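Novice: Show me the folded form of this:
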Amino acid sequence: MNKPVKTIILVLLLVSANTICFGQKKKLDALRRELQTIIKPYKATVGIAIEDIESGDTLTINNDHQYPMQSVYKFPLAIAVLHEVDKGKMALTQKIHVAKEDLRLNTWSPLREKYPNGNIDITLASMLNYTVSKSDNNACDILFKLIKGTIAVNKFVHGLGIEKISIAATEEEMTKAWGVQYTNWTQPNAIVKLLSGFYHKKYLSAPSNKFLMKLMIESENSPMRLKGLLPEEMILAHKTGTSNTNDAGLRAAVNDAGIITLPNGKHIAIAVFVSNSTEKFENDEHIIAQISEVVFRYHTSILKYVKESK
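Specialist: Predicted coordinates for the structure are as follows:
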């Protein structure tokens, strides 16, 4: 191949690459505007973070707030526990004794519903299942005791390089005063970074990673949020979080954070935190569903655009 032909080919390739990048930027700007249009009418603070896990491209909206996590914090708790399993200090098969006094009545607890009198021994694997897949608050606090409290988990997460997160209060402590839940906070991008690092197996062994991913895919809670408007066949590994309202009708948190598997096998990490809302609960969930659907549609159209441009 002579030099002029090589030059022409190189120029064409550069023009093609620049065209694709410009087209993608226009679509990304359009995505941001569409997301902002979705959240604008609602009486709530909505934080969004998105990462294309394979490329590392990110987008955030209203990221610089401290959003109460509620049960989303059971995801980093599970990573911390499984890290101890990987170090050989715990085992998924080990039995944990559950006394009746461990099963508080004034909280969400499928574990208590199944074993109302306590005095049982269940495996660590089962306790993680109750905590992550069923979002059981009593199981969560039992795990906090097992791993030496919220301070230990908070320190562990910061040690992973995830700084914009605070894990300070157990589920029991959050029931004592409505405002305590605000001590367990995050910025959306911090959770997305944790999700991305988890997907890339930065924190856990392959077996532990697979186990936790399965628990998150099998989550039985709040199907009307991230998954609400997605095609039924889409795989979502996620963890939700929800608060009650206070006497003034203010709801601190309706959250969902997870990993969406796209039709081509690529993955999107997404976190949506709806905070300080005076909307109906159904509206708060619908905000998350709309955002997830738009993000899914954006990424599938980008894949199509890049393929057609080539």
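Novice: so where do the strands sit in the stretch 51-200 of the chain?
Specialist: Secondary structure of the stretch 51-200 of the chain (DSSP state E, counting those that start in this stretch): strands at 58-61, 67-68, 95-98, 120-123, 165-166, 185-186.
Novice: shaky segments in this structure?
Specialist: Filtered on pLDDT under 70, the chain yields the residue ranges 1-24, 302-310.
Novice: what are the ranges of the helices in it?
Specialist: Ranges of helices within the chain are 3-39, 74-86, 110-114, 124-132, 137-146, 149-159, 171-176, 188-199, 206-217, 281-309, based on DSSP state H.
Novice: Could you dump the ones you listed into a markdown table with distance to Thr261 and mean neighbour count added?
Specialist: Bear in mind the C-beta positions are built from the backbone N, C-alpha and C, glycine included. Formatted as a markdown table, the helices of the chain follow (distance: least, Cβ to Cβ, whole Å; neighbours: other Cβ atoms under 10 Å):
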| stretch | distance to Thr261 | mean neighbour count |
| --- | --- | --- |
| helix 3-39 | 19 | 12 |
| helix 74-86 | 17 | 23 |
| helix 110-114 | 27 | 18 |
| helix 124-132 | 18 | 22 |
| helix 137-146 | 26 | 22 |
| helix 149-159 | 25 | 16 |
| helix 171-176 | 30 | 18 |
| helix 188-199 | 10 | 23 |
| helix 206-217 | 9 | 17 |
| helix 281-309 | 10 | 17 |
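Novice: now for the ones you listed, which one comes closest to Gly241?
Specialist: Distance to Gly241, taken as Cβ to Cβ, is lowest for helix 74-86 among the helices of the chain, at 8.2 Å.
Novice: Could you check the angle that closest one makes with helix 188-199?
Specialist: Our comparison of helix 74-86 with helix 188-199, counting by axes from the mean of the first three to the mean of the last three Cα atoms, to 10 degrees, yields an angle of 30 degrees.
Novice: Give me the distance from helix 74-86 to the chain's centre.
Specialist: 15 Å (Cα atoms, centre = their mean, to the nearest Å).
Novice: Quick one: work out the angle between that helix and helix 137-146.
Specialist: Going by the same axes, to 10 degrees, helix 74-86 makes 40 degrees with helix 137-146.
Novice: Mind giving me the packing neighbours of helix 74-86?
Specialist: Secondary-structure packing of helix 74-86 (3 or more Cβ pairs under 8 Å, 6 or more residues apart in numbering; DSSP states H and E): helix 124-132, helix 137-146, helix 149-159, helix 188-199, helix 206-217.
Novice: want to try TSV for those, with distance to Leu250 as columns?
Specialist: Putting these into TSV (distance: least, Cβ to Cβ, whole Å) gives the following:
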stretch	distance to Leu250
helix 124-132	27
helix 137-146	21
helix 149-159	24
helix 188-199	20
helix 206-217	29
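Novice: Of those helices, give the one that comes closest to Arg104.
Specialist: helix 137-146 (5.9 Å).
Novice: for the strands of the stretch 51-200 of the chain, which one sits closest to Ala177?
Specialist: strand 67-68 (12.9 Å).
Novice: That closest one pairs with which strands, parallel or anti?
Specialist: With DSSP bridges as the test, strand 67-68 is paired with strand 185-186 (antiparallel).
Novice: Show me what the partner strand is in contact with.
Specialist: Applying Cβ atoms under 8 Å, 6 or more residues apart in numbering, the set of residues contacting strand 185-186 from outside is Gln66, Tyr67, Pro68, Met69, Val72, Tyr73, Lys164, Ile165, Ser166, Phe273.
Novice: Going by distance to Tyr115, which of those wins?
Specialist: Nearest to Tyr115 out of those is Tyr73 (Cβ to Cβ; 24.1 Å).
Novice: The closest one contacts Ile167, doesn't it?
Specialist: Yes - at 5.5 Å, Tyr73 counts as touching Ile167 under the criterion of Cβ atoms under 8 Å.
Novice: more neighbours, those two?
Specialist: Tyr73 (28 against 25; other Cβ atoms under 10 Å).
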